[in-house]
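Colleague: Sequence and predicted structure are below.
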Amino acid sequence: MSEISVRNLTKIFESQNPFERVVALDNVSCEIPSGQFLCIIGPSGCGKSTLLHAIAGFVQGTSGETLQDGKAIKQPGPDRIVIFQEYGLFPWLTVAENVEFGLLAKGVPAAERKKIVQHYLDLVKLGGFEHRYPHELSGGMRQRVSIARALAPDPEVVLMDEPFAALDSLTRDVLQEEILRIWEKTRKTFVLITHNIEEAVFLGDRVIVMTARPGRIKAQIDVDIARPRDPSIRTSHPRFLETKERLSQLLRTEIIREVA
Ligand SMILES: Nc1ncnc2c1ncn2[C@@H]1O[C@H](COP(=O)(O)OP(=O)(O)OP(=O)(O)O)[C@@H](O)[C@H]1O
């Protein structure tokens, strides 16, 4: 179990041309308790990915810090795995070999690797596809492989950057339900960036709304809806619809501000 703290994080992308200097994050602070499912929404270019990358350890803040269990995050590590929109699978490896990849890096013995790979492929409902290559799979199946690959080394924190954005809406709904089931089973700390408010409310314990650039935290809304959550809440649960409307209003204000 792992908690993440973001403290007064500012990230400035400098450029030789001072007019091209970008303040991507401006004094962002948030606490993500162990086992929480946190969703982050905000206008395009507001710094969501930069925040996720700072938590992953891919980028360092210009000032401020990110911490995992009280220790400064200085680089990427096996305890924090990122799932991207573009799947990031190795095309020359089979499904099973892709999932096995992080286990090899961890030095897990072969027999155990085989068991773990099978477990996670079953979890994402891809049993029977072990020997296929990524190009033989649909987009939804590829994203399932990347979810299995991310979870196989048993990371404490799973970071997702619009993982379902490239998928059609039905596949997206199904994968949301699967990620929810997986989170309920593993209770790891999950952070998901999305443009989709419904996705954020369906999955999250809490939703952070960011302002238009420079990215700051505008609001943090608790999603007070009991778990396990049935897919039908998307259309019928009064609190779901209420929370969705509240978030839409908050986001709309920022998008208007951004284009003004
Ligand atoms: N490596 C970089 N160098 C320079 N500027 C960058 C870099 N990475 C991001 N930026 C800028 O920082 C700002 C925030 O980018 P970021 O990708 O974090 O936003 P985002 O909210 O994830 O956007 P989107 O929703 O469109 O994916 C943008 O203006 C972007 O152009």
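Modeller: Cool, got the structure.
Colleague: Please make it C-alpha for all contacts and neighbour counts, starting now.
Modeller: Fine.
Colleague: just the strands in this structure please.
Modeller: Listed from the start of the chain, the chain has strands (DSSP state E) covering 4-13, 22-32, 37-41, 63-68, 71-72, 80-84, 157-161, 189-193, 206-210, 217-222.
Colleague: touching the ligand at all, the second one?
Modeller: Just to be clear, that refers to strand 22-32. Yes. With CA under 6 Å from any ligand atom as the measure, strand 22-32 is seen reaching the ligand through V22, A24.
Colleague: Hmm, P43 is touching T253, no?
Modeller: No. If you go by CA atoms under 8 Å, P43 and T253 don't touch, sitting 9.8 Å apart.
Colleague: the more surrounded of those two?
Modeller: Neighbours of P43 and T253, each counted by other CA atoms under 10 Å, are more numerous for P43; the result is 22 against 13.
Colleague: How about the stretch 51-200 of the chain: which residue is closest to the ligand?
Modeller: Of the stretch 51-200 of the chain, the residue with the smallest distance to the ligand, taken as CA to the nearest ligand atom, is L51 at 6.5 Å.
Colleague: Spatially, what comes nearest to that residue if we skip its sequence neighbours?
Modeller: In this structure, L51 finds its nearest non-sequential neighbour in L25, 7.4 Å apart by CA to CA, 6 or more residues apart in numbering.
Colleague: For the one you found, grab the count of nearby residues.
Modeller: For L25, the tally of surrounding residues (other CA under 10 Å) stands at 27.
Colleague: Now do the contacts for it.
Modeller: If a contact means CA atoms under 8 Å, 6 or more residues apart in numbering, then L25 has L9, T10, K11, I12, C46, G47, T50, L51, R213, P214, G215, R216 as its contacts.
Colleague: Pull out the buried members of the residues you listed.
Modeller: Among the contacts of L25, those that count as buried by neighbour count (16 or more other CA atoms under 10 Å) are L9, T10, K11, C46, G47, T50, L51, R213, P214, G215, R216.
Colleague: Quick check: beta-bridge partners of the third one?
Modeller: Listed beta-bridge partners, K11: L25 (assigned using DSSP bridges).
Colleague: now stretch 84-98: mean pLDDT?
Modeller: Averaged across stretch 84-98, the pLDDT comes to 92.
Colleague: Spatially nearest residue to F202, not counting backbone neighbours?
Modeller: R234 (6.9 Å).
Colleague: And T189, by the same measure?
Modeller: For T189, the nearest residue in space outside its immediate sequence neighbours is G35; the separation is 4.1 Å by CA to CA, 6+ apart.
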